[in-house]
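**Student:** Got a sequence here, can you build the structure:
(chains A and B)
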Amino acid sequence: MLKAENLSFQIGQKTLIDDVSLTLLPGEFTMVLGPNGAGKSTLLKLLTGTETPKTGQIYYGDQPLPSIPLSTQARQKAVLSQLLSLPFDLSVNEVVMMGRYPYFDLNPTAQDTQIADHCLESVGMLSFKTRAFASLSGGEKQKIHLARVLAQLYRQPGDESVKYLFLDEPISALDIQYQHQILGLVRDLAAKNRVVFVIVHDINLALHYADNVILMDQGRIFAMGIPEQVLTVEAIETVFKIRPYFTTHPETGRRVMIW
Amino acid sequence: MKPPSLSPGQWYRLLAGLLVISIIAALRIGAVDLTFADINQILLNGSGLSDTAVDPISQGLFLQIRLPRVLLCATVGAGLSVSGVLMQALFRNPIVEPGLVGTSSGAALGAALVFVLGKNINWAFTDALGLFLLPCVAFVFAFGATLLVYRIASISGKVNVATMVLAGIAINALATGGTGFLSYIARDPQARSITFWNLGTFSGADWTQFAIVFPVTSVGILLSLRFTKALNVLILGEDEVRHLGYNIDRLKIQVLLLNTLLVAIGTAMVGVISFVGLVVPHLLRLLKTSDNRFLVISSALLGGSLLTLADTIARRLVAPAEFPIGVITAFVGAPVFIWLLVRNARSFQKGGFYA
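**Tutor:** Residues are numbered from 1 along each chain as shown, chains lettered A, B, ... in the order given. Presented below is the predicted three-dimensional model:
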């Protein structure tokens, strides 16, 4: 369980996060939505310890985040942020293997190699293993980084410890086939005792995949709960300044947003 | 260009072989060429296993001058190259080398200070304490200069390469000016040694210097290996270093300290040798890897070999006089670096070479 109490964060005079409290439960797929500049990425940075909140506390389980050693944190939580290009050549395999760094000393064990391959396989990129990372397309790079964080949180059979996964727009560069492949994968991960916190932009994806939705606006949580209740016509109109219409998917019967 | 597909282990063996061959060649060739038979006999005599008569001049030359010189040279080459790898990883930029970011000129200023002002301190050149004065002062100045450049370059939160290069130029100019001033106020012999020393020379090498440089460099290189994983993650970005369990602020300071240690200890003994720290890691990057574990080990081996060969040329070219080695590394290193620049600009190089 991840609990945040009364977080606030400022840069200069500008308040980016204003008194945010939330609880994330393992097994729940949480998606965060909101307009640009609403504070989604900043909230993710506070929750992962990348930035320190001005006020408020964050607990992983019952431990305050700052009291957990970084090396322990690295085995509990993984973060996929929006990454820029790399200054040096790396192979795909080298990038994925970095996800195993918290687990081995100087050289990877056979098990680490096996896990890295397994994670590449699960994002459908095993055949790219020896390619140069710089030669991949944006979407391919994103999948490799996803494989890296999967490798970081890989659990041996029998290990039931809670893991925390944070993804900042993991599917923004992917075509619709891979969007669904990756989100399906992440949803399965969430179901297995993981806290999953994903920033997305697509309201329909949230309606389809999320167990829990956080709608943010101007540094605050506008609404939080199950997607059906949070993503209402009024809420979306207030936050995104555009009036949506909902219809029903002809096959699944789920709500679908159009505008 | 298709990279040769050797495993890291095979590369290590290949480069270690090159290092051994360079050392043997350097031991043979010089102002006086020795035969293998002579060297063999001298080594046996020196280690007390035999006492067959050998030309005493050759024996003295070999044991007191050439052997420590060649070993010191290999050690300094290894240290400078590893420091180049560390700096490139830390600044996240492949054009960085110790000379560019102020480390070398800072060390040079510190050393010049000891040369000139140390004459007024009685114990500076006689005591055991004095032996460590030069490397210590060089270290302090080198660290100060590097830290200053790094701070200025990262003032906006992340390292800005343009600012870094400009700050490096400014700090280098300041340190060089300081060194120039010291050689101006120095009495003649000191001034000569400062000038020569600014170009680097192994002519003063002896066993004492080797005994100081070798352990420090070895420990430095072994410690560097400990940081290689974190430095690999730094390729992805500073936040990722943290997410994978390393303290980024501590890492930066530790790597800066380590780099300064490696550069300052060598520079304090043999002067400023440019381009080794830049060219050696770059040659290895041609193998299409940026894994710092591989780069640290292989740079140590290749850097040792190349500097030993450069010194052999310096000794042989105008024998019995000798050339400052810094001139040779600059004459060879600068064209190689320009070739790398052109090659990188042409090839499909994504990412931050000039970012």
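**Student:** Please count neighbours and contacts with C-alpha atoms only from this point.
**Tutor:** Fine.
**Student:** From residue B:236, how far off is residue A:93?
**Tutor:** For residue A:93, the distance to residue B:236 (Cα to Cα, to the nearest Å) stands at 14 Å.
**Student:** quick one: pLDDT of the residue of the stretch 151-259 of chain A at minimum distance from chain B?
**Tutor:** Residue nearest to chain B within the stretch 151-259 of chain A: residue A:152 (8.3 Å; Cα to the nearest Cα). Residue A:152 carries a pLDDT value of 94.
**Student:** residues touching it, list them.
**Tutor:** Listed by Cα atoms under 8 Å, 6 or more residues apart in numbering or on different chains, the contact set of residue A:152 reads A:74-75, A:78, A:99-102.
**Student:** okay, these in CSV with secondary structure and pLDDT next?
**Tutor:** Output for the contacts of residue A:152, formatted as CSV (DSSP: H, G, I helix; E, B strand; the rest coil; pLDDT from 0 to 100):
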residue, secondary structure, pLDDT
A:74, helix, 93
A:75, helix, 92
A:78, strand, 94
A:99, helix, 94
A:100, helix, 94
A:101, helix, 94
A:102, helix, 93
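**Student:** Tell me the secondary structure at the residue nearest to residue B:265 when sequence neighbours are not counted.
**Tutor:** Nearest residue to residue B:265 in three dimensions, chain neighbours excluded: residue B:135, at 5.5 Å (Cα to Cα, 6 or more residues apart in numbering or on different chains). Under DSSP: H, G, I helix; E, B strand; the rest coil, residue B:135 falls in the helix class.
**Student:** follow-up on the earlier one: Provide a PyMOL selection command restricted to the buried entries of the contacts of residue A:152.
**Tutor:** Those of these that meet the burial criterion (16 or more other Cα atoms under 10 Å in any protein chain shown) are gathered into one PyMOL selection, given here:
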select buried, chain A and resi 74+75+78+99+100+101+102
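**Student:** For the contacts of residue A:152, work out which two are farthest apart.
**Tutor:** A:78 and A:101 (12.1 Å; Cα to Cα).
**Student:** can you list residues touching both of those two?
**Tutor:** Common contact partners of residue A:78 and residue A:101 (Cα under 8 Å, 6+ apart): A:152, B:244.
**Student:** Give me the buried positions along stretch B:32-49.
**Tutor:** B:38-39, B:41-43, B:45.
**Student:** Would you mind writing the CA trace of that stretch as PDB?
**Tutor:** Provided in PDB are the C-alpha atoms of stretch B:32-49 (Å, rounded to 0.1, in the frame of the first residue of the first chain):
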ATOM      1  CA  VAL B  32      70.900   2.700 -25.800                       C
ATOM      2  CA  ASP B  33      69.300  -0.400 -27.300                       C
ATOM      3  CA  LEU B  34      69.600  -3.500 -25.200                       C
ATOM      4  CA  THR B  35      69.400  -7.100 -26.400                       C
ATOM      5  CA  PHE B  36      67.000  -9.600 -24.900                       C
ATOM      6  CA  ALA B  37      69.900 -11.600 -23.500                       C
ATOM      7  CA  ASP B  38      71.200  -8.500 -21.700                       C
ATOM      8  CA  ILE B  39      67.800  -7.700 -20.300                       C
ATOM      9  CA  ASN B  40      67.300 -11.300 -19.100                       C
ATOM     10  CA  GLN B  41      70.700 -11.300 -17.500                       C
ATOM     11  CA  ILE B  42      70.200  -8.000 -15.800                       C
ATOM     12  CA  LEU B  43      66.800  -9.000 -14.400                       C
ATOM     13  CA  LEU B  44      68.400 -12.200 -13.000                       C
ATOM     14  CA  ASN B  45      71.200 -10.200 -11.500                       C
ATOM     15  CA  GLY B  46      68.800  -7.600 -10.100                       C
ATOM     16  CA  SER B  47      66.600 -10.200  -8.400                       C
ATOM     17  CA  GLY B  48      69.700 -11.900  -7.000                       C
ATOM     18  CA  LEU B  49      69.300 -15.100  -8.900                       C
END
